[in-house]
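In: okay, predicted coordinates and the sequence, questions at the end:
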Amino acid sequence: MNRWITLLLATTCAMAVATVYVAQPLLESIASDLGVAQQQIGWVVGATQAGYGLGLILIVPLGDRVNRKCLLLVQLLVAALALVTVGLAQDWSLLLAALALVGLMAVMVQVMVALAATLANPASQGQAVGAVTSGVVLGILLARLISGVLADLAGWRSVYFVAAALLMLMAVVLWRWLPAGRPLTHRPGYVQLIGSLFGLYRHDRQLRQRGLFGLLIFASFSVLWSSMVLPLSASPLSLSHTEIGLFGLVGVAGALAASRAGGLADRGLGERTTGLALAMLTLSWLPIAFVEQSLMAFVLGVLMLDFAVQAVHVTNQSLLLAGRAAMASRLVGAYMCCYSIGSGVGAVLASWMYARWGWAAVCALGMAFSALALGYWWWLGKERAAGAALRCSGQNL
């Protein structure tokens, strides 16, 4: 893992994950173009996340069986085809089906995270995962800005055509420069591979804990980013696609600041980092709630939220992958299934609640997800402290 390979993986991650999130500033335009009710438009994000979740189960584990570079190239090409289909779609059902395929292929991000973990030195594995994962969050956030600008210039469909062209370009670059990774010493059968993925939830306590954190933080993240276009584009703010997309730059600053969380996990500070970040995530919804009164308060809340989500996300993956390179793809896939569920649920609930009760209800929902994650972290800490006390008393006896 030299700097060039790290940069290449992070850039590709950014482009791949951007294909999932470019739709969020475009929801109003898509709904208007296809004649879809506001209550239903959240399914644009939900369908993509559903495909993403399916890909985590059916595709990501293949990274522990086949050459990850070859798998990645195939995913890039199929994703480009799906994006072109979205750009051409005139029917609501076809659009959702194509978006689901986009999500299915976007799990190439997890293939790259697992590849980074296997290429890195064990002592700096968390740092490598943090660097590559920073590309994921940057892609999520910059996607909104770029898609907003393109939509204002050439319509929402142009966003998907440009994304398809970029993925084709990245396929050529990766084919030329990306190493294949270490040879696989054990190649389990596909059915056995998928079965072991589900078995991880039953046998791996850390995966269950970190998976629940991932589900809750990304539900909160999706509540904000899938619905913020609604109050920002409505009166009295009435911002354009480009102006709404600029808020992604705020999130970029937060994501970059939190990218070192993997290094903290390498030094044994993962639990403390998680708790502080979850507290910040919960508090971030207070300034976010004042979007119609103060855009500066909203910007502060967005910065806090994205910093907190990135810090917990990097810490989660660093702790999960430490010393377990042989099953890295399955661990990442199993963890990200929880992420996908959280993102989809957050998007669908946010648009529904906004349509019925407005922005205050959306913020209450986001804060509830965040507070639940913080409460779970506190409960686990009490459980660990009680276990340590029992072990201490047993040794004294």
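Out: In hand now; what should we look at? Predicted model, so just to flag it, every value in this text is computed and none were measured. Residues are numbered from 1 along each chain as shown.
In: wait, doesn't residue 369 sit right on residue 222?
Out: No. The criterion here is C-beta atoms under 8 Å, and residue 369 misses it with residue 222 at 9.2 Å. For glycine as for every other residue, the C-beta is placed from the backbone atoms N, C-alpha and C.
In: quickly list what's touching both of those two.
Out: The contact sets of residue 369 and residue 222 overlap at 342, 346 (C-beta atoms under 8 Å, 6 or more residues apart in numbering).
In: of the two, which one has the most company?
Out: Neighbour totals were compared for residue 369 and residue 222, and residue 222 leads with 29 against 25 (other C-beta atoms under 10 Å).
In: tell me which element the nearest residue to the more buried one once chain neighbours are set aside falls in.
Out: Spatially, and ignoring its direct neighbours in sequence, residue 222 is nearest to residue 346 (3.3 Å; C-beta to C-beta, 6 or more residues apart in numbering). Per DSSP states H and E: residue 346 is located in helix 328-357.
In: next helix or strand past that helix?
Out: Going down the chain from helix 328-357, the next helix or strand is helix 359-396, by DSSP H and E.
In: run the angle between that following helix and helix 328-357 for me.
Out: 140 degrees (axes from the mean of the first three to the mean of the last three C-alpha atoms, to 10 degrees).
In: helix 359-396: which residues count as buried?
Out: Within helix 359-396, the residues scored as buried using 16 or more other C-beta atoms under 10 Å are 359, 361-363, 365-374, 377, 380.
In: and for stretch 273-281?
Out: 273-275, 277-281.
In: likewise stretch 292-302?
Out: Neighbour-count burial for stretch 292-302 [16+ other C-beta under 10 Å]: 292, 298-302.
In: show me how far that stretch is from its chain's centre.
Out: 23 Å (C-alpha atoms, centre = their mean, to the nearest Å).
In: CA atoms of it as PDB?
Out: Listed next in PDB are the C-alpha coordinates belonging to stretch 292-302 (Å, rounded to 0.1, in the frame of the first residue of the first chain):
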ATOM      1  CA  GLU A 292     -35.200  27.900   8.000                       C
ATOM      2  CA  GLN A 293     -34.000  30.400  10.600                       C
ATOM      3  CA  SER A 294     -30.200  30.300  10.200                       C
ATOM      4  CA  LEU A 295     -28.200  28.700   7.400                       C
ATOM      5  CA  MET A 296     -25.000  29.200   9.500                       C
ATOM      6  CA  ALA A 297     -26.500  27.000  12.300                       C
ATOM      7  CA  PHE A 298     -27.400  24.400   9.700                       C
ATOM      8  CA  VAL A 299     -23.900  24.400   8.300                       C
ATOM      9  CA  LEU A 300     -22.500  23.800  11.800                       C
ATOM     10  CA  GLY A 301     -24.900  20.900  12.300                       C
ATOM     11  CA  VAL A 302     -23.900  19.300   9.000                       C
END
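In: what lies in contact with it?
Out: 224, 231, 236-237, 247, 250-251, 254, 284-291, 359.
In: please narrow those residues to those residing in strands.
Out: Of the positions in the contacts of stretch 292-302, not one sits in strands, assigned by DSSP state E.
In: and stretch 314-334, how far apart are its ends?
Out: The first and final residues of stretch 314-334 sit 15 Å from each other (C-alpha to C-alpha, to the nearest Å).
In: could you number the chain from 22 rather than 1 from now on?
Out: Fine by me, first position is 22 from now on; the one you just mentioned is stretch 335-355.
In: how about the helices of the stretch 72-221 of the chain, start to end?
Out: 89-109, 113-126, 129-140, 146-175, 177-198, 211-224 (DSSP state H, counting those that start in this stretch).
In: pipe those helices into TSV and attach mean pLDDT per row.
Out: Converted to TSV, those look like this (pLDDT from 0 to 100):
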stretch	mean pLDDT
helix 89-109	93
helix 113-126	93
helix 129-140	80
helix 146-175	78
helix 177-198	92
helix 211-224	81
